[in-house]
Each structure stands twice: as structure tokens, then as C-alpha cells.
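Asker: Requesting a structural model of the entry that follows:
(one chain, ligands or ions: 1)
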Amino acid sequence: MDLKSNHTSPVLTDPAPLGKSRLGVHSSLLTYSGSGTAFPALLTIPRRKNGFLDDVRSSSWLDAMKSSSPPHRKITKDVNNDSPATEYDIAYRTWMVKYPSALTSFEQITNYAKGKRIALFLDYDGTLSPIVDNPDCAFMSDAMRRAVRRVAKHFPTAIISGRSHDKVYEFVGLNELYYAGSHGMDIMGPVRQSVVGDHRHGFQSTDRQGKDVNLFQPAAEFLPMIGEVLKSLVETTKDIEGAKVENNKFCVSVHYRNVDEKYWAVVAQRVHDILKNYPRLRLTHGRKVLEVRPVINWDKGKAVTFLLESLGLSDCEDVLPIYIGDDRTDEDAFKVLREGNRGYGILVSAVPKESNAFYSLRDPSEVMEFLKSLVIWRKSSAL
Ligand SMILES: O=P(O)(O)OC[C@H]1O[C@H](O[C@H]2O[C@H](CO)[C@@H](O)[C@H](O)[C@H]2O)[C@H](O)[C@@H](O)[C@@H]1O
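Answerer: Sure thing, here's the model as predicted:
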């Protein structure tokens, strides 16, 4: 694949081929065992001549869909309490040896942060707001909003979300932050002439308060294509009960959280069939969501690098970026921080999973506790 290595253009010149590498789909098909009557009357089953649903019936595809958002489990927090530790508790605690809690390791983190400027990057869904069935109702609590507002007073803070920029701003509603929507493909950052000049996708604008800002939209040319695909996806999933298509401006999310598991393969197949016609778009798995996005060399990791540059905080020994996120797409940011030995990724997860993060937090309530602790630490260290 020939990437334009020039930092100014993240657009791929040679679209990735359809198939395994692009869609994560294996060619080995599982037999479609259900009959037409197993589906609701409204649902048209995409059938192939050989009686198989192709591609997406592969076990890896469905496994990825199933494992994309494990059910929340209660962890026995207190090691000394009376209830016996379950196998799951033990597995989680073992996992935490590798990814220690950012709360219990707080002193270690702040010791390292002494004399450094912390830059904070936060994912939204599953990090600042709990995962809920209806994506339109993923509100963050007032207490969390206060915690984010306070932390942003002390450290430059940005939200990097898969949602559209406008939607995530609507949920968070704080003007003291920087926002990057569409997995970092729609960034509103501080004005720094050199950064705009360096990037052909950047331009100056004003924010909601009339303040000068830099906008960076590396996938701008994909807007018409995304609009077209959005329409097709809405149309093709409209008869699947519970399926929901969300417009994230430069990306499209197809939610299957509320679809009966028996029909997940149908959702995947329909999405796959549409995307066959769009080699410049790719599909990634989020938490019970299929995310359609442009094939460009840009992700949350690149967005972190871009924002650090915009904030004048890149290549500074005295800067410690901390990124907190729960999703697969956050791994790109964790990786950038880990590989560059630049800062800490903190994975929000209640279940053990492999990650490029250094630390972990169990859920948004622990994220809030961590943010509050940062503020207390900063205030006390300023005395
Ligand atoms: O990068 P993020 O801010 O984490 O956004 C990723 C996706 O988050 C949202 O979906 C997820 O949260 C929903 C609300 O809790 C939940 O219903 C859904 O199952 C999750 O996948 C958002 O709706 C997507 O568009 C984002 O891509």
C-alpha cells in the first residue's frame, strides 16, 4: 500500500484491497444453518446461490462482533471481603498486574509527572459516560462534567471521540476543552500558525465563542462519499429491528447492540455488501458497532500528535501526555504514547484485555476519581 509519507496528506493513494486485510474478514465460511423463517418476516435474508451468507459468516467476523463489548461484570473489589473470589475476579486481578490501576499507582504516576506539564486526552463513550443502549442518550453526569472542567483548568485537555465533533461538544458542553470528532478526523484546536501552514487540510476558523481556532479535517474530500454511504446504510438496515445508523460526519456507525444476536451476521453482511462498492472506505469494530471510515493514514494516535503540536507541547521533555480511553480505536493513541516513550495510556475496562496502555481504570466512575485526584495533586504541589 503506497502511503503518501508526507505528513501533510494522510490520504492513501492506493486504496486497500477489499477482503481480509481491509475488512478483517476471512474467506472461510460457516454454513448458514438457519432457514428463512428464522428471521422476522420483514427481513430479507441475503442469500448466495450456494446457500451461504458469504464472508461475514466467518467465525472471526462474528467473534469480533461478539467480543466487541463484553457485558459489564461486577468485580469483588475488596480482596479481604467474605464473598469468594470468582474465576473472573482472579483473572481480572492477574490482568491488573500487567495493567495496574491508575488510582493505586497514582503516586508512581505523579512522581514521574513532577516538574512536567501534563496534557490530558480523553475518549468520550465508555470513558466519560457509561455505555448505554441508546447512543443518543449517552449523557455524562454533572459530577463528571465538573471534574472535567476542573481538570481542564490545570492541564490542557482534549476530547478525542468517534462521534461527530458537534455531537460530542453537545454532550460535554465545555468551552475550555479542545475537541476532535470522527476519530480525530475533525479537530478544533488552538491557533498555531506553523501547524496550519504545515498541513494542507488545516484552516483557521472561529469557534462558538468567536475565538480563533484551527480546524483540521484530513478526510474532507470524503464527505460526499460518506453522505452517500450513510443513506445506503440507513436504507439497507431499516428492516433490521434494533439496528441504528449514526452520522458521525467523516465516519458512519452501524450499531447492533439492540439487534438480536441471531441477526448480527445479517447486519454485517448488509454493511459488507454496501462497502464492496467503496474501496476507499474501511470498516472497524467498536463496542457493538461497525464503524465505516475513510481509508486514510489518520487515527486517534495521529490526532494526539497533531494536538500536542498545536499546543506547542511536542518534542518537549517536560511534557507528559496522558490518554484515557476504553475502545479499540484508543489503542492507536496508546501506541503512539508507548512507542514514543512519551506518556501514559490508561485503558478503561472492567474485563481483562490486551492493550498498549500502561495503566487501567475500571469504569467512568474511576476515571472521575482519577481526574479529581490529578486536580488535588496539582493544587497541593503548587503550594
Ligand atoms: O470514541 P468514542 O467517543 O468512544 O466513540 C465510539 C463510539 O461511541 C458510541 O457508541 C458506543 O457508545 C454507545 C453509548 O453508550 C453505545 O450504545 C454503543 O453500543 C457503543 O458502541 C457512538 O454512538 C459511536 O458513534 C462512536 O463511534
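Asker: Which residues of this protein lie near the ligand?
Answerer: Proximity of the chain to the ligand is confined to 123-126, 131-133, 135, 138, 161-163, 246, 248, 253, 255, 257, 286-289, 291, 327, 329 under the rule C-beta under 6 Å from any ligand atom. Glycine gets a C-beta too; all of them are placed from N, C-alpha and C.
Asker: Tell me the buried residues within the residues you listed.
Answerer: With burial judged by 16 or more other C-beta atoms under 10 Å, the buried subset of those is 123-126, 131, 135, 138, 161-163, 246, 248, 253, 255, 257, 286-289, 291, 327, 329.
Asker: mind listing which of those are in strands?
Answerer: Using DSSP state E, the subset of these located in strands is 246, 253, 255, 286, 289, 291.
Asker: okay, among the residues you listed, which ones form the most distant pair?
Answerer: Taking C-beta to C-beta as the measure, those span a maximum distance of 10.8 Å, between Glu246 and Gly286.
Asker: and for the two, which residues touch both?
Answerer: Ser253 (C-beta atoms under 8 Å, 6 or more residues apart in numbering).
Asker: Asn190 touches Tyr178, doesn't it?
Answerer: Wrong residue type there; residue 190 is Pro, not Asn. Yes - shown here, Pro190 and Tyr178 form a contact pair, counting by C-beta atoms under 8 Å, at 6.8 Å.
Asker: The two: who's more crowded?
Answerer: The neighbour count for Pro190 versus Tyr178, taken as other C-beta atoms under 10 Å, is higher for Tyr178 (22 against 16).
Asker: just checking, that one touches Phe155?
Answerer: No - using C-beta under 8 Å, Tyr178 is not in contact with Phe155, being 11.7 Å away.
Asker: contacting residues for the most centrally placed residue in the chain?
Answerer: In the chain, the centroid-proximal residue (C-alpha atoms, centre = their mean) is Thr329; its distance is 4.1 Å. Thr329 makes contacts with 162, 183, 284, 286, 291, 299-300, as judged by C-beta under 8 Å, 6+ apart.
Asker: repeat that with 7 Å
Answerer: Contacts for Thr329 (C-beta atoms under 7 Å, 6 or more residues apart in numbering) come out as 162, 183, 284, 286, 299-300.
Asker: Which pLDDT value belongs to it?
Answerer: With respect to pLDDT, Thr329 scores 95.
Asker: Also Gly197?
Answerer: At Gly197, pLDDT is 47.
Asker: and stretch 151-162, how far apart are its ends?
Answerer: 22 Å (C-alpha to C-alpha, to the nearest Å).
Asker: Equivalent analysis for stretch 106-121, please.
Answerer: 17 Å.
Asker: And it, what's buried?
Answerer: For stretch 106-121, a neighbour-count test (16+ other C-beta under 10 Å) marks 106, 109-110, 113, 118-121 as buried.
Asker: follow-up on the earlier one: the ligand: which of the contacts of Thr329 is nearest?
Answerer: If you rank the contacts of Thr329 by distance to the ligand using C-beta to the nearest ligand atom, Gly162 comes first, at 2.9 Å.
Asker: Settle this for me: that closest one is touching Met185, isn't it.
Answerer: No - applying C-beta atoms under 7 Å as the test, Gly162 and Met185 come out as separate, 9.7 Å apart.
Asker: Helices of the stretch 101-250 of the chain, start to end?
Answerer: Taking DSSP state H, counting those that start in this stretch as the criterion, the stretch 101-250 of the chain carries its helices at 106-113, 142-154, 165-172, 193-198, 223-237.
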